[in-house]
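Q: For reference, the sequence and a predicted model appear below.
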Amino acid sequence: MSSLMESPTTSSAVSPPSGNEPVWIVPLHAHPHYAHVRLRRVFTTDGTRHQVVLVDARKLLACADRDETDYVLRPVDEWHQGKVRGIREFLDPANARIPQMPYVTITTRCAPGLLGWLRLEHEGVVAFRNGQHRARYMLAAGAVWFPVEVHEREAALLRQFCGAPDDARTALRPAFADADAISRT
């Protein structure tokens, strides 16, 4: 299972998911509109060097809040209602189109405090390339873990700072099914 979630695969896909493309079902524990969202890979064609990593939602967004170079969104409860409605409709599992999972990069920097000043302690800094609204909305809707895509050279670092525990890997698995069958779940 973890080899499916963390093995390198492939190049950018704009095409709709096929029957052999994995789809991750992410449970939402505090969402009155629907109980889960479906996510698919960003990079799906042979030749790319990206991996899917299952992340802890809170850890990922804590690392993203440290990003000083890109646009960092406010919490969902501060969004205007049109934006909230739009992302809710976009992620709705009743839609035929399956949204792509967030795509991120990660680096490190010295942590604040004495150990950071001595360069003994570091913290992760995540930047979203795509999917920041999705990630923040899923956390607000009660997602504990969800998959993200990252370049293979950054996958170990992302797992180190934001990785979900091993029990999450058994709770959240990709399914191989056609889009019509998944939308009926």
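A: All right, it came through fine.
Q: how about Arg153, what does it touch?
A: Neighbouring residues of Arg153 by Cβ atoms under 8 Å, 6 or more residues apart in numbering: Arg49. From N, CA and C alone the C-beta is placed, and that goes for glycine too.
Q: per-residue confidence for it?
A: Arg153 carries a pLDDT value of 96.
Q: Pop out the phi and psi values for it.
A: Main-chain dihedrals, Arg153, degrees, to the nearest 10: phi -70, psi -20.
Q: Begin at 5, not 1, for the rest of this chat.
A: Yep, numbering from 5; the last one is Arg157 now.
Q: how much space between it and His54?
A: Arg157 sits at a distance of 10 Å from His54 (criterion: Cβ to Cβ, to the nearest Å).
Q: before we move on, which element is the most centrally placed residue in the chain in?
A: With distances taken as Cα atoms, centre = their mean, Val152 lies nearest the centre of the chain, 3.2 Å away. Element membership for Val152 (DSSP states H and E) is strand 149-155.
Q: Repeat that for Gln164.
A: Applying DSSP H and E, one finds Gln164 within helix 159-166.
Q: hmm, back to that, you'd agree the residue nearest to the centre of the chain is up against Leu162?
A: Yes - contact criterion Cβ atoms under 8 Å: Val152 and Leu162 qualify, at 7.5 Å.
Q: Need the overlap of contacts for these two.
A: Between them, Val152 and Leu162 share the contacting residues Val57, Val59, Val108, judged by Cβ under 8 Å, 6+ apart.
Q: follow-up on the earlier one: ok, and what's touching the helix holding Gln164?
A: Residues from elsewhere that reach helix 159-166, judged by Cβ under 8 Å, 6+ apart: 10, 55, 57, 59-60, 63-64, 67, 108, 110-112, 127-128, 130, 152, 154.
Q: Looking at the shared contacts of Val152 and Leu162, which are in helices?
A: Using DSSP state H, no member of the shared contacts of Val152 and Leu162 sits in helices.
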